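Q: Got a predicted structure here, sequence first:
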Amino acid sequence: MATFHHYVFGEFRLDAEQRALFRRGELVALTPKSLETLLFLVERHGRIVGKRELLDAVWPDTFVEEANLAQNIFTLRKVLGDGENGHSFIETVPKRGYRFVAPVQMDADSLPDFPLVQTAQLPAPPPSEMAAAFKAESPAHELPREGSRTGIHFSAGLLGLLAGLLLVTGFASWLILHRQPLPAPARTVTFQRLTSFVGLKEFPAISPDGKTVAFTADKTGRRQVWVCLIAGGTPLQITQDNSEHMHPRWLPDSSALVYYSPPLEGEEQGTLWEVPALGGSPHRLTSSVSSADASHDGSRLAFFRLNERKRVELVSSQRDTSAIRVLAELPESEAYEYPRWSPDDRSIAFQRSTLYVDDIAYVPAQGGQVRPITREGVFMEGFSWLADGSGIIYSSGRESTVLYLPTMHLWLAPLDGSAPRQLTYGETSLLSPDVDRMGRVVASRLRLQFDIWKYPVAGSASENVRNAQQLTHQTGQVQTPSAAPGDHELAYLSDEGGHGNIWVLDLSSGATRQITTERNSRVTVGLPVWSPMANRIAFVSSRDQPDWETLGLWLVQPDGSELRQLVDRIAGYPIWSSDGKWVYYSTRKEDVFQLYKISATGGPQILVRTDNACVAALGPDGSTLYYVVPHLNGNGIRDYEIRVANPEMGPSRRLAQINGNRVAHWQILQPTLSHDGRWLALLLNDGGSTNLYVLAAGDGVPHALTDFGGRRTLIVRRVSWSSDDRFLYAAVGDGDADIVQIEGILP
């Protein structure tokens, strides 16, 4: 069999002998491990290469985290321009591996028709980074597998280092001559799991003495505060009562913790508490609408509260909550959480949230103008200052292509205004990072497993769960099913193939087909809704949008043809009229929702309501409109009012009031009306689980349809009724999270 010297794909030529990648004759700077990853995939183009197979090939006889492989894949995609202008090179096959999908030409005899750099392996890191590169690339700094001989590994690494020292001067000169950037060294990222019991562990915080991590866990059904030693040992539960406890933060001497209990139904503000680090009786501090954070000098707390005008204020106070100083009065259109003192105590940063998206800002500790740190407009879940105060590390879904419960990775945003930098990769989410003064990072690592189920609605809540039928067996994200008329097919959102797209499941054969073919990593897709005429599927997409807060409304045929944009920007999600002639949606103007409809064939947009109406459902008579009105309270919790109007533009009445504590902060209440117009299906939280409920369309009385017990379940956005209204289709996710310590992600 011929030995191929080089491979050509798109504008690239990969030389297997020289271990070099060229684009239009120009050398592309890649680390050796990235080059080996690319070569291994290209040599096996067209077939799925398992993650274990790739790890064994690129890091032979060593054990490394999958995050290193994911980082190599991410780097390669950036270099190749994967997803740009429709080009696709490396496809992710969820839970299985990767596949090189671009056409490849192979040549065993001819040499490349451009000059080669005379080096054995590219690129060698610059001298100032050689030690870091050697540590990242050498197996001597990785865990050997059983039977390996570490002495040989060290010798190989040392020889590589000496060879790199001989080559680096010439290579750096070539880069300077051709104005190429010096490559950053690869890093080995490691995770140490600090907790292992079942449940959702959240909001980790490292103690100032560096010995202990505090967090919350729902092991007992409600969130309680726990602590565990970083060195290992059994976690200790600190709080024991029947309330929800969130966001523990340490006092500077590591002797006590401050935590937050959200408001009970009917209350405007929650409560800040102080509790000894080893347990004891909590001491009430003050009313608040957020968690608190202690300054590093130990003199003050920062938190949010409501003033006498019911406006949100960021304040600082003495540790006993006396001598309160107002630092900023903030807009009512947003919610606020996670106040964090900078390491020098001169600034306080916080996360700010609209109905859909988040960003991070800060104010001077003496008060003043609010200044943005991020300008992303995506889902975020916590942040921490870097130890030197030069920026923040934060959890963001900005690279996810699935809108709902996106995979969250850690990013670094410098305060100097330079571009954010991704720190972690892979298929699990990392939330609520915390960084101590030594630069150690802890976070909550969340794993989710989704599948579509068919739930009967006639039995008790426990019987309906017991008698449910599982329709998919996925290993990735699968969400928001929508049944076609007659229940022959289901449309749903899935990240199969590595990108969020709309798929259709044949309910009789189990066969699936892909309807949309988005590959651009900057484009998200979501919420398919089947037309009552079965001839179109409406969905939303962020294509051509600045962020996730505005989406375009699109239509596509069930066979994937005739893809077109119906409305360029919407804020609420689509529903169809019962005759399939109209599509309803919402937009936002000056923080107020307005409800519109448009013909499915296009034309003018018709204003239906201006009373902060979000899309919900249209009755089978074509004139009764059910809609949701969100109310952002000063306490940061968004309550929901379900209203009904007949005719759709006429006076409305309240059908039900839903407390915001029953709706996850990342969730938007979107009831689905049964075909007979009798019931509205909606998703409500019960402790650590999301359950299915129905609301009587006549009197607004809710009834539980499922009871998942101790399971940590998540159901996202919207469900779908069967044609005979005897079943609900829902994508149910099971989740579990642990606290992990992460090394190797910070510069």
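A: All right, it came through fine.
Q: Could you point out which residue ranges in this protein have low pLDDT?
A: Residue ranges of the chain with pLDDT under 70: 1-4, 61-65, 67, 83-87, 107-187, 546-549, 635.
Q: got the residue ranges for the helices in it?
A: Counting by DSSP state H, the chain has helices at residues 32-43, 51-58, 66-80, 130-137, 150-177, 461-466.
Q: In the shortest one, which of the residues would be classed as buried?
A: What that stands for is helix 461-466. Using 16 or more other C-beta atoms under 10 Å as the test for burial, helix 461-466 gives 461, 464-465. Any C-beta I mention is one placed from the backbone N, CA and C, and that applies to glycine too.
Q: right, and out of these, which lies closest to Leu76?
A: Nearest to Leu76 out of those is Val465 (C-beta to C-beta; 43.3 Å).
Q: Wait, the closest one touches Phe708, no?
A: Yes. Assessed by C-beta atoms under 8 Å, Val465 is found in contact with Phe708 at 6.2 Å.
Q: which residues touch the closest residue to Gln71 other than its chain neighbours?
A: Nearest residue to Gln71, sequence neighbours excluded (C-beta to C-beta, 6 or more residues apart in numbering): Tyr425, at 5.0 Å. Counting by C-beta atoms under 8 Å, 6 or more residues apart in numbering, Tyr425 touches 67, 70-71, 73-74, 409.
Q: Return the closest of these with respect to Asp738.
A: Asp738 has its nearest neighbour among these in Ala67, at 15.3 Å by C-beta to C-beta.
Q: Tell me the spacing between Ala365 and Ile393.
A: 20 Å (C-beta to C-beta, to the nearest Å).
Q: An error on my part: the question was meant for Val441.
A: 7 Å.
Q: Name the residues contacting each of these two.
A: Between them, Val441 and Ile393 share the contacting residues 384, 410, 433, 435, 746, judged by C-beta under 8 Å, 6+ apart.
Q: Show me which of those residues is closest to Thr472.
A: Leu410 (29.8 Å).
Q: since we're on the closest one, how many residues are nearby?
A: For Leu410, the neighbour count with other C-beta atoms under 10 Å is 25.
Q: try the one 5 residues further on
A: Leu415 is surrounded by 17 other residues when neighbours are defined as other C-beta under 10 Å.
Q: who's in contact with it?
A: 373, 389-392.
Q: Out of these, who's the most crowded?
A: Result: Ile392 is most packed of the contacts of Leu415 (other C-beta under 10 Å), 24 neighbours.
Q: That one against Met380, yeah?
A: No. Taking contacts as C-beta under 8 Å, Ile392 lies outside contact range of Met380: 10.7 Å.
Q: Mind listing the shared neighbours of these two?
A: Ile360.
Q: And the strands in the stretch 301-450 of the chain?
A: Secondary structure of the stretch 301-450 of the chain (DSSP state E, counting those that start in this stretch): strands at 312-318, 325-329, 335-341, 347-353, 358-364, 371-372, 380-385, 391-396, 409-414, 421-422, 429-435, 441-456.
Q: how about those strands in JSON lines, adding distance to Gln269?
A: Converted to JSON lines, the strands of the stretch 301-450 of the chain look like this (distance: least, C-beta to C-beta, whole Å):
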{"stretch": "strand 312-318", "distance to Gln269": "10"}
{"stretch": "strand 325-329", "distance to Gln269": "16"}
{"stretch": "strand 335-341", "distance to Gln269": "13"}
{"stretch": "strand 347-353", "distance to Gln269": "17"}
{"stretch": "strand 358-364", "distance to Gln269": "21"}
{"stretch": "strand 371-372", "distance to Gln269": "27"}
{"stretch": "strand 380-385", "distance to Gln269": "22"}
{"stretch": "strand 391-396", "distance to Gln269": "26"}
{"stretch": "strand 409-414", "distance to Gln269": "30"}
{"stretch": "strand 421-422", "distance to Gln269": "37"}
{"stretch": "strand 429-435", "distance to Gln269": "22"}
{"stretch": "strand 441-456", "distance to Gln269": "26"}
